[in-house]
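A.B. asks: Return atomic coordinates for the entry below.
(chains A and B)
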Amino acid sequence: MNMKKSGILSAAAAAVLGCAAPAAHAAWTLNMTPGITAISRRVYELHMLMYWWCVAIAIFVFGWMIYSIVRFRKSQGAVADAKLVHNTTAEIIWTILPVLILIIMAVPAARTLIETEDATNTELTIRITGYQWKWGYEYVDTGVTVLSTLDRASNAARQLGSGIDPRQVPNYLLEVDHPLVVPAGVKVRLLVTAQDVIHSWWVPALAIKKDAIPGFLNEAWFKIDSDRTGLFRGQCAELCGRDHGFMPIVIDVRSKADFAAWMQTQKALQQPAEPTAAAAAAAAAASAAAAAAAAGPAHTS
Amino acid sequence: MAYTAHADAHDGHDHPPSGIWRWLSTTNHKDIGTLYLVFAGIMFFVGGAMAMAIRLELFKPGLQYFDPAFFNSLTTMHALAMIFGAIMPAWVGLANWMIPLQVGAPDMALPRMNNFSFWLLPFAFTLLLLGFFVPGGAPAGGWTLYPPLSLQGGDSFPLAIFAIHLMGASSIMGAINVIVTIMNMRAPGMTLLRMPLFVWTWLITAYLLIAVMPVLAGAVTMLLTDHFFGTSFFSASGGGDPVMFQHIFWFFGHPEVYILILPAFGVVSEIIPTFSRKPLFGYEAMVYATASIAFLSFIVWAHHMFTVGMPLAGELFFMLSTMLIAIPTGVKVFNWCATMWRGSLSFEPPMLFALAFLFLFSIGGFSGLMLAIAPADFQYQDTYFVVAHFHYVLVPGSIFAIMGAVYYWLPKWTGHMYDMKLATWHFWLSAVFVNVLFFPQHFLGLAGMPRRVPDYATQFADWNMVSSIGGFAFGLSQLLFPYVIWKCIRGGEKAAARVWEGAHGLEWELPSPPAYHSWQEAPTIGVIEHGAEHWAEHEGWH
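C.D. replies: All right, here's what the predicted structure looks like:
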């Protein structure tokens, strides 16, 4: 159903623009991603449901307006019916009818909302900390940490007057040095906080956007479909100062077994040496190399 | 019109002093209305210039012109200039000009305070704009001033706080003036339920202003003491709560958005009946719907904060209460449609702007309804989808209504007709390019582009370029507006008292332009009913 709808949207876009959308990257994108979790698909369906309700109401209301504009023109000899100034029945109908429509909308919305807030029975907890302007990840109770910043190529290209064409930089502004590695098919709990100012951790494919607030621990969770491994991208969504636009998020989704293997390597690398910052960075660099080697097909958000 | 002759005869010693002193010392509602409108026009172009700079930087990916910190100042100052400098003063200017004319009062109730509340504004905005020239640059933490980020501001931070205090004081005084004028100075026979909708919506707006401007003042004062006097209202490390600021801010901020739009509902409710040659359909329902929207505006604030980590019960409450706003808003749209139904429509510039308002504000309403759905809002929050939403309700919403109002009453103010052809051009260019500018931003937001970023991933490049082209064309088209007004002030075909054949209401009983002091004697019931024109005989017209 949703595939069909987004198909209609894309077709409409192509018709409007008179050109085929290039396949290289998601240019001329019109709509939200259905994502890679059950919740993100629910959110997408909710979004499309609301969209089609709005389209239906728009057809009715705009149709009414356009009909009036065409039909009741003074230049076409229309004479005003000045007695038509009040109708209690009409007022009641156009108050009650929207109430009913809103109830129909509210039921699935409330259901999805309740589902998104159910962070019970998680198997892995990751603590996310926002900094100006990078993300820190800590796999709770394992001692494994990852510090994730904008990759060098993007960082060089994004400098004022760098002379580097962003189109020549792969995943410009959406690439990090060390992605967050997560397992597919596991319910993962996120604890989100910040060190300095408020940030917001947003990965569209997970339908998670959670503010990272100093002094607060916000909770979120996801369970990625077992078969959806690969790279997924997001960005900071709360204005956090000068480089707000330059602290992307990349999650590297691996199968349970691959994730377990990665975790073992990281533990070995990070734990015994009582890791200093430099050691942690080196370990993270090693993990990034591993990630690059193991990465599945890349997805852009 | 015997009244007018009488007024003119006694007018000799009431002529204003000439030169700059007239404008500095004036207590005349028409002069002060003009001052407000001119000030709003200037700030519209100042804020617009910042918008052009923003769209220039976003024309293509990569940073071409501005440092990211300066870009953040541009978005912050664009919002403050447009909200507090352009839209709000424009509404106060229209209130000053039109409320006394429409309720049959000789002037605003508190004329000296009226002068003071205007003259605070140039000082407020001098302080605010001075921020660009002090160390650290202009405020760059967003117009929402969220701490801890806003506390990282440089020397412009206290300037902005004091500017906001002055704007707030000005707004509160303006609101008190509107309420006292409407409550005490209506002509005998001008009952509350006979007042034009513009007066009604302004009365309700004024109460909103008095309720929430002190809340904003409190919030920014706490920011000030956190920054300079060692308090920790919003600092977690000192036992404070950064989210509390957001609650306080949006308790102000949500009614604030209705402060920006309710008078627009009033203006559209004046213009559509005039050019449909039919009374407003469902007058009382319109009044009650406006009051309902104002009430709801106080219980929906946290829908701006769905991602801060509220308890489930809070999210459910704010989602459902927000959805309720669709009901009175729907009632208003349906009543406007019904007003046009079986009317006799003509399409002069004010009507064109009102019709564009109807269509495009509705689009903003639809995206608003989508944004109310909390789980979906997790995806929309802080993206260009939100940017598209609030620009749809503010630009083709509030600003088109202000332009419609100016084109509606300009001949009344100046005594001249304006260049209809140029005004129609202004309309069509604005209406087309406002959509080229803002509609693609829906797509950008859904595709994943966050707001308030100076640069973006290449997959967002295409729609950003379209949006920027729309922005430049929209911005250039606006230059027609002051030109048409200037030309009209300078001269033109003489305007009749009742400028538009379908117009009704007391302002059209006065000559165009009205005397410097109008309604020095209250209009009689006969005049009020003549103001209601041929519609008075029909039931349903009060």
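A.B. asks: can you give me the helices in the stretch 201-301 of chain A?
C.D. replies: A:256-270, A:277-294 (DSSP state H, counting those that start in this stretch).
A.B. asks: Show me the shaky parts of the stretch 151-300 of chain A.
C.D. replies: When residues are selected by pLDDT under 70, those of the stretch 151-300 of chain A lie in A:272-300.
A.B. asks: what residues are up against the residue in it that chain B sits nearest to?
C.D. replies: Proximity of the stretch 151-300 of chain A to chain B (Cβ to the nearest Cβ) peaks at residue A:215, 2.2 Å away. Just so you know, the C-beta spots here come from the backbone N, C-alpha and C atoms, and that holds for glycine as well. Counting by Cβ atoms under 8 Å, 6 or more residues apart in numbering or on different chains, residue A:215 touches A:193, B:236, B:237, B:241, B:242.
A.B. asks: Let me see the backbone angles for it.
C.D. replies: phi 90, psi -10 (degrees, to the nearest 10).
A.B. asks: Residue A:78 - how many residues pack around it?
C.D. replies: 18 (other Cβ atoms under 10 Å in any protein chain shown).
A.B. asks: any idea which helix or strand carries it?
C.D. replies: For residue A:78, there is no host helix or strand (DSSP states H and E).
A.B. asks: Thought residue A:71 was touching it, still the case?
C.D. replies: Yes. Contact status for residue A:78 versus residue A:71: in contact at 7.3 Å, counting by Cβ atoms under 8 Å.
A.B. asks: could you pull out the strands for chain B?
C.D. replies: Along chain B, no segments are classed as strands by DSSP state E.
A.B. asks: quick one: low-confidence parts of it?
C.D. replies: If you take pLDDT under 70 as the line, chain B has these spans: B:1-14, B:530-542.
A.B. asks: Report the closest residue of it relative to chain A.
C.D. replies: Counting by Cβ to the nearest Cβ, chain B gets nearest chain A through residue B:236, at 2.2 Å.
A.B. asks: Excluding residues flanking it in the chain, which one is nearest that residue?
C.D. replies: residue A:215 (2.2 Å; Cβ to Cβ, 6 or more residues apart in numbering or on different chains).
A.B. asks: how near is the one you found to residue B:499?
C.D. replies: 60 Å (Cβ to Cβ, to the nearest Å).
A.B. asks: repeat for residue A:122
C.D. replies: From residue A:122 to residue B:499 the distance is 68 Å (Cβ to Cβ).
A.B. asks: Could you do residue B:251 as well?
C.D. replies: 41 Å.
A.B. asks: same thing with residue B:37?
C.D. replies: For residue B:37, the distance to residue B:499 - Cβ to Cβ - is 18 Å.
A.B. asks: before we move on, what about residue B:476?
C.D. replies: On the measure of Cβ to Cβ, residue B:476 and residue B:499 end up 29 Å apart.
A.B. asks: mind listing the helices for the stretch 351-500 of chain B?
C.D. replies: Going by DSSP H, counting those that start in this stretch, the stretch 351-500 of chain B shows helices at B:374-380, B:384-393, B:400-414, B:420-447, B:461-477, B:480-490.
A.B. asks: so of those helices, which one's packed in deepest?
C.D. replies: Comparing the helices of the stretch 351-500 of chain B by mean neighbour count (mean count of other Cβ atoms under 10 Å in any protein chain shown), helix B:374-380 ranks first with a mean of 27.
A.B. asks: Next up, the contacts around residue B:312.
C.D. replies: Counted by Cβ under 8 Å, 6+ apart, residue B:312 has contacts A:113, A:114, A:117.
A.B. asks: Which one (most neighbours) among those residues?
C.D. replies: Neighbour max across the contacts of residue B:312 (other Cβ under 10 Å) = residue A:113, 24 neighbours.
A.B. asks: can I assume it is in contact with residue B:318?
C.D. replies: No. Residue A:113 is beyond contact range of residue B:318, at 10.8 Å (criterion: Cβ under 8 Å).
A.B. asks: joint contacts of these two?
C.D. replies: residue B:374.
A.B. asks: for the chain, what's the longest helix?
C.D. replies: All of this is about chain A. Secondary structure of chain A read by DSSP state H shows that its longest helix is helix A:38-71.
A.B. asks: please go with chain B instead
C.D. replies: Under DSSP H, chain B gives helix B:242-276 as its longest helix.
A.B. asks: gap between that helix and the chain center?
C.D. replies: Its chain's average C-alpha position is 7 Å from that of helix B:242-276, according to Cα atoms, centre = their mean, to the nearest Å.
A.B. asks: Show me what counts as buried in it.
C.D. replies: By 16 or more other Cβ atoms under 10 Å in any protein chain shown, the buried positions in helix B:242-276 come out as B:242-243, B:245-276.
A.B. asks: is it anywhere near chain A?
C.D. replies: Yes. Residues of helix B:242-276 are located near chain A by Cβ under 8 Å from any Cβ of the partner chain, namely B:242, B:243, B:276.
A.B. asks: do stretch B:356-368 as well
C.D. replies: Yes. Stretch B:356-368 lies within reach of chain A by Cβ under 8 Å from any Cβ, at B:358, B:359, B:362, B:363, B:366, B:367.
A.B. asks: The second one - how many residues pack around it?
C.D. replies: When neighbours are counted by other Cβ under 10 Å, residue B:359 registers 16.
A.B. asks: Hmm, residue A:62 and it touching each other?
C.D. replies: Yes. Applying Cβ under 8 Å, one finds residue B:359 in contact with residue A:62, separated by 6.5 Å.
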